[in-house]
Structure formats: structure tokens, C-alpha cells
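Student: What shape does this take:
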Amino acid sequence: MIKNNGTDGAFFIKLIRKDEHHSFLASPQMVRLLAPESRGTNSFRLSSIASLGYPARWRKHDHLQEIDFISYDLVDKHLGILSIERIPSQTRLPLTMLPTGSIAFGRIRPYLANIGVIPETKSGFVVTNSEWIVIQHKKGLNHLLCSLLRADACLSQLHATSGQTRPRISIESLAEIQIPWPFDDHKAKALDSELKEATTLRTDADARIERINREILAILGKGK
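Tutor: Got it, this is the predicted structure:
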């Protein structure tokens, strides 16, 4: 059973939980903490620590010339970082919208780990024509949770529930996986903060490189 979460224009549809009641990423410390043997008494069902939902349909806005866009192709598979492209707002693609700062979890072939935290944008959302599940940690620790979801301890639990040529995972199936959480509150916040800072630096650097490359191409164009 699902319901609208009521968040500023309904960015996503929230699942009603049954219980209701890089260098940093690849560091030895993180590898040890995220190893399969870490799962055990310090683990939680995903739906008990986070909200899950499907993205809402995006309605075109005439005053926007371009919109921020993400897809599976824009996921850094090694670090789990999402990049953004700018596309014309009048595209004919059927689009949905996802709130920035939340986790985008790729539904199709989930074992490919198309998972990342959506970068901040001026509009507060991005659009996509890919199939995602939106996840938001209850305490806002989305960067840490995203890193955990990409670990073998979690990926090994994923099972597609529909589709033969393009297997998909359902929101109900994803909600049931166990998330290893061998951290106290202080450690969890520190790791999440460090991940967020490192991700922001990487995203800003990518944007700067792209801007410089566009400037170079523009200069080349004028010289013709």
C-alpha cells in the first residue's frame, strides 16, 4: 500500500511500512565495516530506518528552458556518485522527478548498483526517464546509507521480482533487505558528513571541468 508523502508538490510516493512502529569509499575501514560478516545483530530492515517511494510524474513548466536530468548512464559505478546533465525542458521524454539529497536506487538489474545520492540543484529536484526507487533515511544519513546499499552485504540480498529481459526489483522487496549498521550515532554522523563533503568536492570538480571544456570549445568555435 502506498500514499503520497505530501512533500512540496509530491516528489515521490511513500511506502507505508509494515512495521510502522575514491579513496574514502574504498578505505580499509569502510571495506571492513561493509563486509558481509558485518551483518548480524547490528542490522536493520531497510523500511525501519528509511522511507521508500516511487518518483512522481513530472509536469512540464513553460518558464523553464532547461532541466536537470539523471540516468543510469550518469552513475559512477565505482564511487556511487550521480552526475547531472542539462536537457531542454520541452523534451518529449516521459519524465518523473526526484528530490535532491535523497537516494536514487535503480530498479532495473539492481545488482548493477545504479545507486547514488542526488546532487543539490537550484530547483530542488531532478528529472529522469529511468526507473528508480527514492530512499530517504529517517535521520538524514543518506550518504552513509547509500554507501551501505552499494556494499556486497546488501547487493547480495537483492532479487528481481518482475521482468525477464529487464529484471526489476519491487519496492516491497527492497524494503525487506537487512542493512548492516555497526555504528553508534556519533560515528554514523561523522561518516555521513565525511562522505557528503567528499561527494560535494567531486561533484563541484566535475562541474568545473565541464565548464572549462565548454569555454575551450567556445573559443575554438570563434577561431574558425
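Student: Quick one: the strands in this structure, in order.
Tutor: Secondary structure of the chain by DSSP state E: the strands cover 2-4, 12-15, 43-45, 50-57, 66-70, 75-76, 81-82, 85-88, 96-99, 103-106, 115-117, 125-128, 132-137, 178-180.
Student: how much space between residue 179 and residue 79?
Tutor: 20 Å (CB to CB, to the nearest Å). From N, CA and C alone the C-beta is placed, and that goes for glycine too.
Student: Can I get stretch 207-224 in CSV, CA atoms only?
Tutor: Taking Å, rounded to 0.1, in the frame of the first residue of the first chain, the C-alpha atoms of stretch 207-224 are listed here in CSV:
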residue,chain,number,x,y,z
ALA,A,207,31.2,20.7,-12.9
ARG,A,208,34.3,23.0,-13.1
ILE,A,209,36.0,20.7,-15.6
GLU,A,210,32.8,20.7,-17.8
ARG,A,211,32.6,24.5,-17.7
ILE,A,212,36.2,24.9,-18.7
ASN,A,213,35.8,22.4,-21.5
ARG,A,214,32.8,24.3,-22.8
GLU,A,215,34.8,27.5,-22.6
ILE,A,216,37.6,25.9,-24.6
LEU,A,217,35.2,24.7,-27.3
ALA,A,218,33.6,28.1,-27.5
ILE,A,219,37.0,29.7,-28.1
LEU,A,220,37.8,27.2,-30.7
GLY,A,221,34.4,27.9,-32.4
LYS,A,222,35.2,31.6,-32.6
GLY,A,223,38.5,30.9,-34.2
LYS,A,224,37.0,29.2,-37.2
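Student: same question for the top helix by length along the chain, mean pLDDT?
Tutor: Using DSSP state H to define each element, the chain has its longest helix at helix 185-222. For helix 185-222, the mean per-residue pLDDT is 88.
Student: In it, which of the residues would be classed as buried?
Tutor: Across helix 185-222, burial judged by 16 or more other CB atoms under 10 Å covers 188, 191, 192, 195, 196, 198, 199, 202, 203.
Student: Near the nearest residue to the second one once chain neighbours are set aside, how many other residues are there?
Tutor: To tie it back to what came earlier, the one meant is residue 191. Once flanking residues are discounted, residue 191 sits nearest to residue 144: 5.2 Å by CB to CB, 6 or more residues apart in numbering. Using other CB atoms under 10 Å, residue 144 has 25 other residues around it.
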